[in-house]
Every structure is written in C-alpha cells, then in structure tokens.
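> turn this into a structure:
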Amino acid sequence: MTQMPDDISAEFLLPTQELRDDLPFFTKVLGMRLESIFPADDPSVASFSGHGVRVRIERGATVAPGHLRILTDDPESFAQGQRRLTAPNGTTVEIVPRSPQVEQPETRHEFAVRRLADEAPWVIGRAGMHYRDLIPSRLGGSIIASHIRIPDGGPVPDMVHYHTVGFQLIFCYRGWVDVLYEDQGDVIRLYAGDCVTQPPGIRHRVVEASPSIEVIEIGVPAEHVTTIDHEMTLPNGKGDPAREWDGQTFVHHIKDQATWHPFRIPGFIARDTGITAGTKGVAGIQVARFDGGTPPLAKHDADIHFTFVMEGSMVLSAEGQESRRLQAGDAFVIPPGMVAQYSECSPDLELLEAGLRGDFATTLLG
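Have a look, this model is predicted:
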C-alpha cells in the first residue's frame, strides 16, 4: 500500500454568502475547530477541521453547497439529537450511525426456479470473481444467493474485510479455496462439500483458489455493507473458539467428518452442518442425498427456503405450478405453506438446502 506524504492534506470547498453566519454553526453546532480565517477586517474565507475532514468556506465560491455526513456511535448526543440540519450557507448535514446497521426487509414470498441452462452470462464482481444470481427477485431484498466462480484460480487479490449481515454462508461447490478468518488460526482450506459461516463483523480474506473453483454464497439481507479493515493483518492467531459475533459463532463444517441421518423428507439422508446451533437458530444448512423410494408431498413454515441442486436431477412439483425437471446448477425457492414434492430423483441427486429460520418445521402429507 502506498504511503502518502505527511505534508499533503486536502479540504472541501463550500460557498457562503455571509461567513459570520456560518462560523457559529460549524464550530458550536457541529463541534469543528476553526483553523484559519481571513482577511482580518472583513473575513470572507475560513477553514475548519473536525470529525476526520477539513472544509474551507469561501464567500462567493462558485460551487454547490454540498452534503456532509457525520458518523457517530451516539447520534442522539450530537447536535442535540438532530439527524438532518442545514447550515446557513446551504450545506446539508446528515447525522448517521458510525457502524452500518443490519436492516432486514420483509420477505416477499414467491415460488421461483433458476436454471443454469437458461442463465445469462456471468457478471464480473469483486476481486475479479464471476457471479450468477440464483434468486433474481431476492425475495424483496431479504436474501441473496450467488453462484461464484474463479475460472483461472491462483492467488485472489482480496483485502481483509467484513460484512454487516444477519447471516452469511460460503459453501465450496467445486475445487478448493483457501481463506483466513479472524481468531481462527492459519489458512483454512475448504474442499468441495465443506462450508463456513461468516458471522456479522468477522474479519476475513480469500487467499487462493484452485482452477475452476466454484462456491455458493448466501447473504441475508441481500444488500449489506462490506467494510475494508486496513489495520488488521490475517492470520492473527487462534482466538476463543466460543467467541460470538452478534450472537453467532464461526462454524467450519468439514464434509469428510460429517455424519448422515434421516432428512426431514423421507427418501433422503442428510448431513447437518451445525449452522443451526452456531447461529442460534437464525439459519440452517443441510446437504441432502437421495436414498431411494418416493418422497411424499410436504410443506414447510420457513420464512425463506432455498435449495441448490448440487448433483443429479429431479422433478420439482408444487401446487399451482408447472412441474419442472431440474439438474445440477439449478436452484429454487419454495414459499412457506406451499405443498411441493421431489420426484423422479436420480440416484446421485444431492441438494444444498438453506432455511431461515433454521429450526423451521416440515409437515408431511402422505
């Protein structure tokens, strides 16, 4: 990272019609410090500093009044609790929380199917990774599910960062990927079938990936803030395994160490990732494998229920909907209360299922 010289600074230029009106606003209301003012007999220019910025207010400057955002951990104690002010010179001042807040929109329920064969070209996103959206509507902004790949593999130009989220999952679908997480020791290599949760605020960085690496990433809500941490270096040692970030622990599920048990729908077995326990019920992630027979009709009461077809094929039937044959790479969402059935399952069928909440109930209908 390039180190900037200490003898260089910057300031924002703002206009004013009468400087004497702005002086008390910027010093007393906003709590900024007056750095310079001139000329002495009839001041027309003043510079102020504070809250990480420097502003120059100049009479007659031909620029827009601007919009200043002040971030604080205690908005109620700043500017007498006002959240939006207008300075005498016309500058709009907005007082906002320093730390981004998770705002979970109400889920807009729908039945949705996303087929890999019908997909538009992949979109190039952060750090050169390719993305395809598995839930185009994002259920009203309540969730984003992405199929991500890095075609060439190798080192990933990622930075230490964290997300302001309610829940986030990284599931390795193909290949392997090396990742670093705060307080989790050295590099963690995720192989196909492994996954981790990224609790709210945990610092992490993608290090390297195999050629043709593919992962499934789930985030709640769909739009969440990613913040770069320029101060932390990873790895940073082994922390407390029981540490919680907003009530959630870091979960690392390893496929080869998993145990299989009957799935919520007969005809399948499943491996539980431990994420329901690690998130205290916020989310549940299971991998289900077809085990024979004819799965019955069923419905669930999860607010969000997302499934990605990892291997094999099946027919998905749901009340009021046209039956659809699905293959590896396809995804679907079934809203709460809708009766559905998985049928014509191939012997190698394997599904990645995400439920929010993770402790949802299933009702079998014969």
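
> which strands and helices lie in contact with the lengthiest helix in the chain?
In the chain, assigned by DSSP state H, the helix with the most residues is helix 19-24. Using 3 or more C-beta pairs under 8 Å, 6 or more residues apart in numbering; DSSP states H and E as the contact criterion, the elements in contact with helix 19-24 are strand 45-50, strand 53-59. (Each C-beta comes from the backbone N, C-alpha and C, glycine too.)

> adding mean pLDDT, distance to residue 115 and mean neighbour count, write these out as CSV.
Below are the helices and strands packed on helix 19-24 laid out as CSV (pLDDT from 0 to 100; distance: least, C-beta to C-beta, whole Å; neighbours: other C-beta atoms under 10 Å):
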stretch, mean pLDDT, distance to residue 115, mean neighbour count
strand 45-50, 95, 55, 19
strand 53-59, 95, 49, 18
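
> so for residue 320, which of those sits nearest?
Taking C-beta to C-beta, strand 53-59 is the member of these nearest to residue 320, at 55.8 Å.

> partners of that closest one, with directions?
As defined by DSSP bridges, the strand partners of strand 53-59 come to strand 12-16 (parallel), strand 45-50 (antiparallel).

> quick one, domains of the protein?
Per automatic domain parsing, the domain ranges recorded for the chain read 12-97, 112-251, 257-364.

> buried ones in whichever helix or strand residue 162 is part of?
Here residue 162 sits within strand 161-164, counting by DSSP states H and E. Within strand 161-164, the residues scored as buried using 16 or more other C-beta atoms under 10 Å are 161, 162, 163, 164.

> ok now it, how far from the chain's centre?
7 Å (C-alpha atoms, centre = their mean, to the nearest Å).

> quick one: closest of the helices and strands packed on helix 19-24 to residue 286.
Closest among those, using C-beta to C-beta: strand 53-59, at 48.6 Å.

> any idea which helix or strand comes after that closest one?
Per DSSP H and E, the first helix or strand lying C-terminal to strand 53-59 is strand 67-72.

> tell me the strands beside that next one, with direction?
strand 92-97 (parallel).

> list the buried residues in the strand it pairs with.
For strand 92-97, by 16+ other C-beta under 10 Å, it's 93, 95.

> quick check: what element follows that strand along the chain?
Downstream of strand 92-97, the first helix or strand assigned by DSSP H and E is strand 112-114.

> just checking: what are the partner strands of the following helix or strand past that next one?
Counting by DSSP H and E, the next helix or strand C-terminal to strand 112-114 is strand 123-124. Next to strand 123-124 in the sheet, as set by DSSP bridges, lie strand 130-133 (antiparallel).

> give me the mean pLDDT for the strand it pairs with.
In this model, strand 130-133 has a mean pLDDT of 90.

> same check, this time on stretch 177-193
Mean predicted lDDT for stretch 177-193 stands at 97.

> that older thread, reformat the helices and strands packed on helix 19-24 as JSON lines; add distance to residue 249.
Below are the helices and strands packed on helix 19-24 laid out as JSON lines (distance: least, C-beta to C-beta, whole Å):
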{"stretch": "strand 45-50", "distance to residue 249": "39"}
{"stretch": "strand 53-59", "distance to residue 249": "38"}
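
> quick check, residue 173 in a strand?
Yes - counting by DSSP: H, G, I helix; E, B strand; the rest coil, residue 173 is found in a strand.

> strands along the stretch 101-250 of the chain, start to end?
Counting by DSSP state E, counting those that start in this stretch, the stretch 101-250 of the chain has strands at residues 112-114, 123-124, 130-133, 144-150, 154-155, 161-164, 167-174, 176-181, 188-191, 195-197, 204-209, 213-220, 225-228.

> what's the end-to-end length of stretch 249-258?
Stretch 249-258 has an end-to-end distance of 19 Å (C-alpha to C-alpha, to the nearest Å).

> how far out from the middle of the chain is it?
The chain centre lies 21 Å from the centre of stretch 249-258; the measure is C-alpha atoms, centre = their mean.

> from residue 57, how far out is the residue lying closest to residue 61 once chain neighbours are set aside?
Excluding its sequence neighbours, the residue lying closest to residue 61 (C-beta to C-beta, 6 or more residues apart in numbering) is residue 15, at 4.1 Å. Here the criterion is C-beta to C-beta, to the nearest Å. By it, residue 15 lies 8 Å from residue 57.

> now do residue 299
For residue 299, the distance to residue 57 equals 63 Å [C-beta to C-beta].

> just put the domains of the chain in a markdown table and tack on distance to residue 103.
Supplementary listing: those in a markdown table, determined by distance: least, C-beta to C-beta, whole Å:
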| stretch | distance to residue 103 |
| --- | --- |
| domain 12-97 | 11 |
| domain 112-251 | 7 |
| domain 257-364 | 16 |
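
> for residue 349, which non-adjacent residue is closest in space?
Nearest to residue 349 is residue 312, by C-beta to C-beta, 6+ apart, at 3.5 Å.

> kindly report the same for residue 99.
residue 73 (7.0 Å).

> so that neighbour sits right up against residue 95, yeah?
No - if you go by C-beta atoms under 8 Å, residue 73 and residue 95 don't touch, sitting 11.5 Å apart.
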